[in-house]
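Peer 1: Sequence unavailable; structure follows:
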DNA sequence: GCGAATACCGCAAACGTTTTCGGCAACTAA
DNA sequence: TTAGTTGCCGAAAACGTTTGCGGTATTCGC
């Protein structure tokens, strides 16, 4: 399985290997005659250029690192798809690592990628502490954070307007006649979630509603968490007419609890999610939710990163994209 | 953003860079005294070894390519997670590419990975023609196919026993009293699917049932396809008591059609899926299905590949894992 | 106290490219 | 004819490692 190198081609073509290199790179200082001959021999011998060797002299790898908490999470995998696709369009490949929601692991794979000489990394933080966790490494390679809002931190990121997301969700519910709306899932370890809560609170203030936030600071945005919170709420009281879940995943947990407790959604209580992940559009689920423009976020992140790679001194940028409301069947008009 | 190299460390420590290299690699022919001193200086200077340079001399990259049709597919992303995790445990990193169900693209990214000098690639074929498509390239790098059954082809693969999968599904339905069972989705372009159909047919023969296969040879295993087939069936006749869908995704389409046509699953008709993807366990879905042991498949693929990398002349191997039945609520006992 | 073994470390080649520099031949201009 | 220009190509350095080989100083055995 020994690969044929540029030297093999050079020997065969009876030229120096500089000539072979120039033939392939489309350099002007070579005659069309020899170029054609060299290219033909390359073809015949099945030569494929070695990116590793090229990286050595070029001092770049044309590889981007992508770190996600867990690729088997519909939101992340959709982002990952678009990151890979647009990166490839731009001449880059993707090295993928999962942090498995573990800060130590996240740091480890980040270092790993630096060792791998990636030209830059796109990271979807696994926790709020990610920034502090990675801080000493951030000057080692261009980095763009995605999906997590870092507020005024001096690092590039792209995120959705989380505040506005829950706010327009609340507007929608208010228009439908809802006045007792409960919020699920103020995860303490995430700025993203903090902003969503702020959007909720602001809407409550503006619409004259009394906020009610149900959460467990230590739990994550899982199905199990939504399930647990919903179970508690349904057991206590049922005078709320709507629930706003911090994520679609949590909303799925709410659905599960409702099913078990004999609570009908949306007849008994309305439910709004956030993210618009895969399968929420299924008729059996039919979850109204706030869409994050995942493709736009992914391409923006890739382009920001490439820009940062090409202009290392150009500072940082924050890109906030607009969420949109997806009206499906889980929110009832009760006017 | 210039990185500190082994030479910088050597100069600082006043030793040759061979000594630095040996200190890091744990070579015995170096005194503990100087090793400690060198390691300390490495730490202080923030030295991280350059894998690219290492790859040049080692003639390997410790990178594995992973090609999937679409990472935003719950089955593939779950496999991808475990592939990445176990590869990392074994000292390898993952380069990810999507083929987007396109043969030309699949070939292109495969070549790309060869150029990238990956030590081997794990590929989830996007179509049946994948093997012929990639054939001229297969001797360029060790390759393991995953999830797709290649029958007797001289290439390594790991797959589930698809024949047995549908067969045990049929056994289950038969035990529940079902005698009129329809199969959805004989996709022509996949051996995997052909085997599932065979399992269905064999069960029909053994149990004395008359097979009924509903399919469109050109369509894929999508929600839309399942939806369309179900719509057709429900419009024509309803004397079938159960449907076996070729994949969970198709089963979700069936669920959608049932919902729209006012067909109750499982009261009116039972439904069995295949794959056990994410979210099928949700109470609103609650799909009985055939589980593919995704983690076991992923680790098997990685280990097979590494074995093949270390023993290039050792031939090929076929690893078939056992599917298991997941009993949920979509299949009714009608005895 | 002497030769031999041992422990430790440096030199330099090698991995497969790209690119700078320079050289040679042919051509142009006077 | 000659000096200058241009077109094309080769030699060699460089990228950051690893490793075989050789060399030196120290230790050991007798």
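Peer 2: Everything's here; your move. Keep in mind the model is a prediction, meaning the values are calculated, not measured. Residues are numbered from 1 along each chain as shown, chains lettered A, B, ... in the order given.

Peer 1: a strand runs through residue A:213, doesn't it?
Peer 2: Yes. Under DSSP: H, G, I helix; E, B strand; the rest coil, residue A:213 falls within a strand.

Peer 1: so what's it bridging to?
Peer 2: When bridges are called by DSSP bridges, residue A:213 pairs up with residue A:183.

Peer 1: That one - how many residues pack around it?
Peer 2: The number of residues packed around residue A:213, counting by other CB atoms under 10 Å in any protein chain shown, is 15. Using the backbone N, CA and C atoms, a C-beta is placed for each residue, glycine as well.

Peer 1: List the contacts of it.
Peer 2: A:182-183, A:186, A:197, A:200 (CB atoms under 8 Å, 6 or more residues apart in numbering or on different chains).

Peer 1: Just send the residues you listed back as TSV, with pLDDT and neighbour count too.
Peer 2: Listed next are those as TSV, based on pLDDT from 0 to 100; neighbours: other CB atoms under 10 Å in any protein chain shown:
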residue	pLDDT	neighbour count
A:182	94	21
A:183	95	27
A:186	72	17
A:197	94	22
A:200	97	26
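
Peer 1: Output those in TSV; the columns should cover distance to DNA strand C.
Peer 2: Output for the contacts of residue A:213, formatted as TSV (distance: CB to the nearest atom of the strand, whole Å):
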residue	distance to DNA strand C
A:182	60
A:183	55
A:186	52
A:197	51
A:200	53
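
Peer 1: Format these as CSV; extra columns: distance to residue B:148.
Peer 2: As requested, the contacts of residue A:213 are arranged in CSV below (distance: CB to CB, whole Å):
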residue, distance to residue B:148
A:182, 47
A:183, 45
A:186, 44
A:197, 46
A:200, 46
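
Peer 1: Up against chain B, what does the stretch 51-200 of chain A have?
Peer 2: A:51-53, A:55-56, A:61, A:63, A:66, A:70-74, A:77-78, A:80-81, A:84-85, A:88, A:93-98, A:100, A:109, A:111-112, A:114-117, A:139-142 (CB under 8 Å from any CB of the partner chain).

Peer 1: coming back round to it: just the contacts of residue A:213 now: which is nearest residue A:233?
Peer 2: residue A:182 (6.5 Å; CB to CB).

Peer 1: distance of that closest one from chain B?
Peer 2: 21 Å (CB to the nearest CB, to the nearest Å).

Peer 1: which residues touch that residue?
Peer 2: A:212-214, A:233, A:240, A:242-244.

Peer 1: For the helix or strand containing residue A:251, name the packing helices and strands.
Peer 2: Here residue A:251 sits within helix A:248-261, counting by DSSP states H and E. Judged by 3 or more CB pairs under 8 Å, 6 or more residues apart in numbering or on different chains; DSSP states H and E, the packing partners of helix A:248-261 are helix A:223-236, strand A:242-245, strand A:270-272.

Peer 1: so where is the stretch 101-250 of chain A shaky, pLDDT-wise?
Peer 2: A:188, A:217-219, A:238 (pLDDT under 70).

Peer 1: if we can go back for a sec, just the buried residues from the residues of the stretch 51-200 of chain A next to chain B, in PyMOL please.
Peer 2: To isolate the buried ones among these in PyMOL, judged by 16 or more other CB atoms under 10 Å in any protein chain shown, type:
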select buried, chain A and resi 51+52+55+56+61+63+66+70+71+72+73+74+77+78+80+81+84+85+88+93+94+95+96+97+98+100+109+112+114+115+116+117+140+141+142
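
Peer 1: Inside strands: which ones of the residues of the stretch 51-200 of chain A next to chain B?
Peer 2: A:63, A:66, A:93-98 (DSSP state E).

Peer 1: Turn these into CSV, columns for distance to residue B:289.
Peer 2: Below are those laid out as CSV (distance: CB to CB, whole Å):
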residue, distance to residue B:289
A:63, 38
A:66, 30
A:93, 35
A:94, 31
A:95, 33
A:96, 27
A:97, 30
A:98, 25
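
Peer 1: among those, which are within reach of DNA strand C?
Peer 2: Near DNA strand C, judged by CB under 7 Å from any atom of the strand, there are no entries from these.

Peer 1: quick check, nearest of those residues to residue B:132?
Peer 2: residue A:93 (25.1 Å).

Peer 1: ok, now which ones touch the closest residue to that closest one other than its chain neighbours?
Peer 2: Closest residue to residue A:93 apart from its sequence neighbours, by CB to CB, 6 or more residues apart in numbering or on different chains: residue A:63 at 5.2 Å. By CB under 8 Å, 6+ apart, the contact list for residue A:63 reads A:92-95, A:116-119, B:95, B:116.
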